[in-house]
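[1] Fold the following.
(one chain, ligands or ions: 4)
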Amino acid sequence: MKITRDLYQGSLTLLTDFYQFTMAYAYWKSGKAEQEAVFNLFFRKNPFQSGFTVAAGLDYVIDYCRNFQFSDKDLAYLADMNDGNGKPTFEAAFIDYLKDLKFSCDIDAVEEGEVVFPNMPLVRVRGPLIQCQLLETPLLNIINFQTLVATKAARIVLAAKDDPVIEFGLRRAQGIDGALAASRASYIGGCSSTSNVMAGQLFGIPVAGTHAHSWIMSFENELEAFKAYAEAFPDHTILLVDTYDTVNGIKNAIEVAKLLKERGKKLLGIRIDSGDLAYFSNIAREMLDTAGFPEVQIVASNDLDEHIMTSLKMQEASINVWGVGTKLVTAFDQPALGAVYKMSALKNEEGEWVPKIKLSQQSIKINIPGIHNVKRFIVNGKAIGDMIYLENLEEKEQVTIIDPIDPTRRKRISVANADSEVLLKPIFKNGEKIYSRPSLEEIRNRARNRLAAFDKTHKRLINPHIYPVGLEASLYEYRTSLVLKAKALENGK
Ligand SMILES: Nc1ncnc2c1ncn2[C@@H]1O[C@H](COP(=O)(O)OP(=O)(O)OP(=O)(O)O)[C@@H](O)[C@H]1O
Ligand SMILES: O=P(O)(O)OC[C@H]1O[C@H](OP(=O)(O)OP(=O)(O)O)[C@H](O)[C@@H]1O
Ligand SMILES: O=C(O)c1cccnc1
Ligand SMILES: [Mg+2]
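    Ligands and ions are numbered 1, 2, ... in the order given. Okay, here's the model as predicted:
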């Protein structure tokens, strides 16, 4: 049985839905495989009723695309697929075609750690239809989860104000890869460290931790256990004080702090993992301060999330470090982001781009046609609005952005008085990677800096003020005209 580390090094090209292969085969059969297309990956709603989302996962996408080729084992597996009566699902000539298939797409994407919003493209893929299609599922798999967890982490880190948050989720995460990807995304979202040692090894995330109740239970009494732990880690001791009686545990921790002090060492902290965390942290703070240990940190854990943390802050709990596991790595209150990947343009035989639109009963599901990009406008260091626009838009003094769902929501932006940044960056050109990857540390810093550019009203955890993101007016008109035309055609049938 292969585990994740081996999987990462092997071919992941079959990690897609079967229907991508049935379509790939049919594209090939009908001579459309190489027809050029544009697809966009985007989501329709911020998760957790958040006012923002933090993009993550691009680094995995880059690896996926760079390794996009069919191994002999992959080809043998596909060649072996059949209808149950022995008739092969795919002709041998198609398997040969896949054997020679080389990744050749252009990919433009929002960088990891960027703050993003509904409807804007996070990844734009342009290339042969067959390749664009096969990429749908893995791109969504990667971006959906990491973006979701990075956003949850950012909310938790916001609730912690300036306190460090340690990610403790491995034991409750969705399997091995879910845990590793969640540790990475949590770090991007602003966590300071992880308890997941392999995430430390693979991604260079700082690893941290305390000890469990079992350590205490393996001794005759708590004080003896504390002393032995401090003996093993005289410079890094954090003692879990709630195994039997929290107040007594704090007393025992103070005993150990005194012993360490006699040796010129310091107790780093205590951890409280049950009961009323406001009540016990305040008692602990007072007892530690009175005993002359104001520098000893208080770590809290136990089913924390951004809402409980906000409440604990309001209660003036004396917590300095937050350990957050289950509710972070499982994105507890919203288990999926729901990003989708839709075709927006296709080149015809004359070599002209034809915009593509998919109608839906729900207007939220009508996609944005054409080849577009996103520009963020910034005034005095603050983001004031994001514009989705067709790439060939000429320079304008003033632009109007229109909410694609509610056209009464619109905003005029004076381009001359604003700084701006195009958010889709070139990642691959004709299959060649042209983007130099930032380190995870740089990505984490980007998330922090970008979040700082948004008004706090967009970042409040409940009922945030909606940040304006809209279609540039001419794109809005264009899309409306295409929708009306498509509806007229449908009605005429
Ligand atoms: N002062 C507080 N305000 C709001 N929520 C709190 C406060 N103190 C603790 N909590 C949260 O309340 C929940 C308490 O969980 P639970 O009912 O399992 O109690 P417990 O103390 O963990 O019990 P056990 O001793 O069995 O572990 C946790 O999610 C915890 O983070
Ligand atoms: O609560 P989380 O945010 O998931 O953080 C991780 C939890 O894992 C550990 O205990 P575990 O839950 O395994 O056992 P316990 O709660 O019974 O102590 C730790 O003490 C935390 O409580
Ligand atoms: O180090 C810790 O205290 C820890 C690690 C994992 C889960 N809960 C706590
Ligand atoms: Mg628990």
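[2] For ligand 3, what's the nearest residue on the chain?
    Nearest to ligand 3, among the residues of the chain, is G209, at 2.8 Å (CB to the nearest ligand atom). For glycine as for every other residue, the C-beta is placed from the backbone atoms N, C-alpha and C.
[3] pLDDT score for the closest residue to that residue other than its chain neighbours?
    Computed as CB to CB, 6 or more residues apart in numbering, the closest residue to G209 that is not its neighbour in sequence is S195, at 4.8 Å. Predicted confidence (pLDDT) for S195: 98.
[4] so S195 makes contact with A212?
    No - with contact defined as CB atoms under 8 Å, S195 does not reach A212; the gap is 10.7 Å.
[5] Between those two, point out the one with more neighbours.
    Shown here are S195 and A212; by other CB atoms under 10 Å, S195 has more neighbours (19 against 12).
[6] how about the strands of the stretch 251-400 of the chain, start to end?
    For the stretch 251-400 of the chain, the strands defined by DSSP state E, counting those that start in this stretch cover 269-272, 297-300, 321-324, 340-347, 353-355, 372-379, 382-390, 398-402.
[7] Show me what the fifth one is packed against.
    Under the contact definition 3 or more CB pairs under 8 Å, 6 or more residues apart in numbering; DSSP states H and E, strand 353-355 sits against strand 340-347.
[8] buried sites along the strand it packs on?
    Buried residues in strand 340-347, counted by 16 or more other CB atoms under 10 Å: Y341, K342, M343, S344, A345, L346.
[9] And the pLDDT for G10?
    62.
[10] ok, now L393?
    pLDDT recorded at L393 is 89.
[11] picking up where we left off before, looking at the buried residues of strand 340-347, which is nearest ligand 2?
    Of those, the one sitting nearest to ligand 2 (CB to the nearest ligand atom) turns out to be Y341, at 32.1 Å.
[12] Pull the contacting residues for that closest one.
    Counting by CB atoms under 8 Å, 6 or more residues apart in numbering, Y341 touches F39, N40, L41, L135, E136, L139, L140.
[13] Over to P88: give its phi and psi.
    Main-chain torsions, P88, degrees, to the nearest 10: phi -60, psi 140.
[14] Contact partners for it?
    By CB under 8 Å, 6+ apart, the contact list for P88 reads A79, D80, M81, N82.
[15] Ok, E136 next?
    T16, D17, Q20, F39, Y341.
[16] at 6 Å what do you get?
    E136 makes contact with Y341, according to CB atoms under 6 Å, 6 or more residues apart in numbering.
[17] cool, the one 4 residues further on as well?
    Shown here is L140, whose contacts under the criterion CB under 6 Å, 6+ apart are A339, Y341.
[18] how near is it to T194?
    Relative to T194, L140 is positioned 25 Å away (CB to CB, to the nearest Å).
[19] how near is F117 to ligand 1?
    Taking CB to the nearest ligand atom, to the nearest Å as the measure, F117 falls 30 Å from ligand 1.
[20] what's the answer for G175, then?
    Distance of G175 to ligand 1, given as CB to the nearest ligand atom: 24 Å.
[21] Neighbours of that residue, how many?
    When neighbours are defined as other CB under 10 Å, G175 has 9 of them.
[22] count of residues packed around the residue in the stretch 51-200 of the chain that ligand 2 sits nearest to?
    With CB to the nearest ligand atom as the measure, F168 is the residue of the stretch 51-200 of the chain nearest to ligand 2, at 4.0 Å. Neighbour count of F168, defined by other CB under 10 Å: 25.
[23] I am finished for the moment; much appreciated.
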